[in-house]
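> quick one, structure for this:
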Amino acid sequence: MTQDPKERKSTNRDIEEMLQLPPVEFKSKFYLECYSDLTYNDKGNALFHKLMHKSLEKSHARRNFKKVLEIGARNLEHFHYIKHDFESFTLTDIDDLSNELPGWKLTNRKIDFIQDDISSSRLASNEFERVIITCVLHHVRGMESALMEIRRIAKSGGIIDILLPCDPGIIYRTLKQFGPYRRARKEGYLKIKKIMDARDHINHFLGILELIKFVFRNDKVKICMFPFSFLPYDFNLWATIRIIKT
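Residues are numbered from 1 along each chain as shown. This next block holds a predicted model:
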């Protein structure tokens, strides 16, 4: 699978070669060769991602934060939606992505990249006025430790914003069939996509939510479902969770 997946369908040989890779190498190759095609080259899925990320920034447009942290910022997907001012912005990911970031971000004194595992973070305590986590918590091993670390590094009075897809909710799974799975089937790597999801989405929505409520039980937690705030998670696509650390 060395060609752009938009140019031709994957062959059975391509698929079998990729499935033989060790899980870590498989993941790296998937994000390099398949992820952008599934996310941005399908109009419906691109719109879904746009609406999700914009919903998290809705009330922050005119604010100013001294120090901001985004956890798991692999493809800088959320960074483009941020409208508020900041004095410094730190990006982290469990992988070393410094060679993949655009040059202007690495030379901009306001923006810094740090390789970091949020389950055992080396970031300082009580450091950031705003912490952002988008579409990350389904993937994290050591979920409760990660949430405790997130709380530790956020400043007292600071804001923690979490974007959480409603996986495996009924509507989410249904639309997945007509979005990324339809695209993957068309391009010939549906099996690859399903294996990736099975390996990568190790935490489910309700479990994540329960642990968030527990870890941040002494803080202010506001949960909003989209697009139907009055319906349970099974009938929604994503949730935004805003936490104010006391």
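> all contacts plus neighbour counts: C-alpha atoms, from now on.
Fine.
> would you confirm that Asp117 contacts Ile94?
Yes. Between Asp117 and Ile94 there is a contact under CA atoms under 8 Å: 4.9 Å.
> and stretch 36-52, which residues are buried?
Within stretch 36-52, the residues that count as buried by 16 or more other CA atoms under 10 Å are Asp37, Leu38, Thr39, Tyr40, Asp42, Asn45, Ala46, Met52.
> do the same with stretch 121-132
Residues of stretch 121-132 classed as buried by neighbour count (16+ other CA under 10 Å): Ser121, Leu123, Glu127, Phe128, Glu129, Arg130, Val131, Ile132.
> now stretch 67-84: average pLDDT?
Across stretch 67-84, the average pLDDT comes to 89.
> measure that stretch end to end?
In stretch 67-84, first residue to last residue: 12 Å (CA to CA, to the nearest Å).
> run the chain-centre distance for it.
Taking CA atoms, centre = their mean, to the nearest Å, one finds the center of stretch 67-84 at 10 Å from the center of the full chain.
> mind listing what's buried in stretch 217-231?
Neighbour-count burial for stretch 217-231 flags Asp219, Val221, Cys224, Met225, Phe226 (criterion: 16+ other CA under 10 Å).
> looking at those, which is nearest His78?
For the buried residues of stretch 217-231, the residue nearest His78 by CA to CA is Phe226; the value is 17.4 Å.
> need the contact list for the closest one.
Phe226 makes contact with Asn236, Leu237, Trp238, Ala239, according to CA atoms under 8 Å, 6 or more residues apart in numbering.
> which one of those has the most neighbours?
Highest neighbour count within these: Trp238, with 26 neighbours (other CA atoms under 10 Å).
> mean confidence (pLDDT) on whatever helix or strand Lys54 lives in, please.
Assigned by DSSP states H and E, Lys54 falls within helix 43-56. Helix 43-56 shows a mean pLDDT of 89.
> what helices and strands are in contact with the helix or strand following that helix?
Using DSSP H and E, the helix or strand that follows helix 43-56 in sequence is strand 64-71. Strand 64-71 sits against strand 85-93, strand 128-134, with contacts defined as 3 or more CA pairs under 8 Å, 6 or more residues apart in numbering; DSSP states H and E.
> partner strands of the lengthiest strand in the chain and their direction?
Looking across the chain with DSSP state E, the single longest strand is strand 154-165. Counting by DSSP bridges, the strands paired with strand 154-165 are strand 128-134 (parallel), strand 238-244 (antiparallel).
> mind listing what's buried in stretch 63-75?
Buried residues in stretch 63-75, defined by neighbour count with 16+ other CA under 10 Å: Phe65, Lys67, Val68, Leu69, Glu70, Ile71, Gly72, Ala73, Arg74.
> related to what we said a few turns ago, just put the helices and strands packed on strand 64-71 in JSON lines and tack on distance to Met148.
Output for the helices and strands packed on strand 64-71, formatted as JSON lines (distance: least, CA to CA, whole Å):
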{"stretch": "strand 85-93", "distance to Met148": "17"}
{"stretch": "strand 128-134", "distance to Met148": "13"}
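> neighbours of the closest residue to Gly44 other than its chain neighbours, how many?
Among residues not flanking Gly44 along the chain, Gly179 sits closest, at 6.4 Å (CA to CA, 6 or more residues apart in numbering). Using other CA under 10 Å, the number of residues around Gly179 comes to 19.
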